[in-house]
Every structure is written in C-alpha cells, then in structure tokens.
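Asker: Make a model of this:
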Amino acid sequence: MTLSGTYTVNAPAQTIWDMMMDPEILARITPAITKLEKIDDENFKAIAEVKIGPVGGSFSGNLKMVDKVQPESFKLIIQQNSKIGNAAAEVNMNMKALSDTQTEVSFTGDVKLSGMLATMGGRVITPVANMLSKQFFEALEKEVNG
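Answerer: Numbering: from 1, shown residues only. Below you'll find the model as predicted:
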C-alpha cells in the first residue's frame with residue numbers, strides 16, 4: 001500500500017526539522033503514539049494504540065530515522081507488531097521552504113501489512129492512514145503556533 005500527502009506549515013523549514021528531530025515533540029504530534037523512547041540518534045522504541053475500523057490494537061516496535069539531510073529530508077523505517085498484525089513501512093519526509101515563514105511538508109511511503117491488518121485491505125486501512133496523517137499535520141501546525 002502506498003501513502004502520500006502534502007501540507008503547508010506556517011513555519012521555517014529549520015523549525016519543522018527541529019520539531020521532528022525532538023522525540024518529545026514527535027510523540028506529542030504523532031497520532032496514536034503513546035510512547036517514543038530514543039535509543040540513539042537514529043533509533044527509537046515506539047508504542048502506539050490504533051483503532052482500524054472495528055478492530056483496535058496496541059503496536060510496539062522500532063522506528064529508525066535515516067538519510068537525514070537537514071533541514072530538507074529524512075527517511076523513516078518503521079516496524080510495528082501487534083496481536084492483530086504487523087506493519088512495516090518506509091516513509092520519505094521532505095521539507096521544502098516556500099518562503100522564510102512557510103514550508104511544504106510532503107511524505108511518500110510504502111506500507112506492508114500482515115495478519116488481520118492485511119485481510120482488512122486498503123479500503124479500510126487507507127481512510128484510517130489518511131485521517132492519521134491529517135491529524136499529524138494539524139498537530140504539527142498547532143505545535144508550531146504554541
């Protein structure tokens with residue numbers, strides 16, 4: 001399954017970069033994340049509570065940030081496991097300065113699901129993923145504005 005989106009944030013690219021590199025802020029603005037623990041500069045342990053249609057679950061696993069080009073881009077490698085299935089994803093995040101005070105943040109990624117999650121298919125998962133990404137960008141905008 002492929003995910004993508006673009007959002008314009010009223011903040012400089014460096015500000016957005018700094019926020020996304022801060023585990024406390026990243027945990028606060030990422031929907032469903034209940035815990036994000038930094039292991040080192042690239043690796044994190046993550047716990048998320050996600051409800052997908054009639055099914056909900058607690059996911060735990062790893063998140064890795066690689067290919068960092070400050071303040072323009074980085075890649076997230078995500079592996080999350082739960083009783084209802086597993087999710088593995090690679091997501092490219094890009095920050096493009098539109099002006100001194102506006103940045104276009106875009107993402108593209110591939111997600112692979114297994115278990116019950118895979119049986120639900122894209123028609124159930126895609127709307128949930130789109131809702132979570134919208135919530136992420138709204139939380140980012142709110143965080144930027146204090």
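
Asker: and the spatially most central residue of the chain, how far is that from Asn10?
Answerer: Computing the C-alpha centroid of the chain and ranking residues by Cα atoms, centre = their mean puts Thr30 first, at 6.2 Å. Using Cβ to Cβ, to the nearest Å, one obtains 20 Å as the distance from Thr30 to Asn10. All C-beta spots, glycine's among them, are computed from the backbone N, C-alpha and C.

Asker: Identify the residues contacting the residue nearest to the centre of the chain.
Answerer: Listed by Cβ atoms under 8 Å, 6 or more residues apart in numbering, the contact set of Thr30 reads Leu36, Phe136, Ala139.

Asker: same thing but at 6 Å, please
Answerer: Shown in contact with Thr30 (Cβ atoms under 6 Å, 6 or more residues apart in numbering): Phe136.

Asker: helices and strands around the host helix or strand of Ile77, which ones?
Answerer: Following DSSP states H and E, one finds Ile77 within strand 73-82. When contacts are defined as 3 or more Cβ pairs under 6 Å, 6 or more residues apart in numbering; DSSP states H and E, strand 73-82 packs onto strand 55-69, strand 85-97.

Asker: For the residue nearest to the centre of the chain, give me the pLDDT.
Answerer: At Thr30, the model reports a pLDDT of 90.

Asker: Give the phi and psi angles for it, as a check.
Answerer: Backbone torsions for Thr30, taken as degrees, to the nearest 10, come to phi -90, psi 120.

Asker: For it, give its distance to Glu138.
Answerer: Distance of Thr30 to Glu138, computed by Cβ to Cβ: 12 Å.
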